[in-house]
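S.K.: Give the three-dimensional model of this entry:
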Amino acid sequence: QVQLEESGGGLVQAGASLRLSCAASGRTFSSLAMGWFRQAPGKEREFVAAISRTGGISGYADFVKGRFIISRDNNNNTVLLQMNSLKPEDTAVYYCAADPNRNLGSTNPTHYDYWGQGTQVTVSS
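M.R.: Numbering: from 1, shown residues only. Prediction:
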């Protein structure tokens, strides 16, 4: 089993930055590909970013490219999502997820076996 706990969400104005953190426990962290997803009210959960087990490969949804950066610290069992130039449309609950079966996290949420509870990000205009 893997436990994931997100933190760092909050209310900010458009153009601001936030850094989300996800702490993992219960399994060797470096064996997990990690991803971030988000879900806005009335919408489906969507892929944001993913990173490989070692952190050497990452991928992003088109709508966050150039604004968000995913990284991981395998010594401290954490994955981060640095969010810059936030927009009101980034408002959502953000979830981290872990995939023990692939080297690089997938864009498909069904490929992830473990999920955190989510952290709310609200961006005002």
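S.K.: how about low-confidence regions in this protein?
M.R.: Within the chain, no stretch falls below the threshold (pLDDT under 70).
S.K.: can you do 90?
M.R.: 27, 65, 105 (pLDDT under 90).
S.K.: Show me the strands in it, by range?
M.R.: 3-7, 10-13, 18-25, 33-39, 46-51, 58-60, 68-73, 78-83, 92-99, 114-115, 119-124 (DSSP state E).
S.K.: In this protein, which residue is most central in space?
M.R.: Trp36 (2.3 Å; Cα atoms, centre = their mean).
S.K.: Just put the strands of the chain in TSV and tack on distance to Thr107.
M.R.: Using the backbone N, CA and C atoms, a C-beta is placed for each residue, glycine as well. TSV is the format used below for these (distance: least, Cβ to Cβ, whole Å):
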stretch	distance to Thr107
strand 3-7	18
strand 10-13	26
strand 18-25	18
strand 33-39	8
strand 46-51	4
strand 58-60	7
strand 68-73	13
strand 78-83	15
strand 92-99	11
strand 114-115	15
strand 119-124	20
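S.K.: What count of nearby residues applies to the closest residue to Gln120 other than its chain neighbours?
M.R.: Take Gln120 and drop its neighbours on the chain: the residue closest to it by Cβ to Cβ, 6 or more residues apart in numbering is Gly9, 4.8 Å away. Look at Gly9: counted by other Cβ atoms under 10 Å, it has 19 neighbours.
S.K.: and Gly9, what is it in contact with?
M.R.: Residues counted as contacts of Gly9 (Cβ atoms under 8 Å, 6 or more residues apart in numbering) are 18, 20, 94, 119-122.
S.K.: just Pro109 next, same as before
M.R.: 37, 45, 47, 97.
S.K.: one more time with 7 Å, if that's ok
M.R.: By Cβ atoms under 7 Å, 6 or more residues apart in numbering, the contact set of Pro109 is 37, 45, 97.
S.K.: Spit out the contact partners of the last one.
M.R.: Applying Cβ under 7 Å, 6+ apart to Ala97 gives the contacts 35, 37, 109, 112, 114-115.
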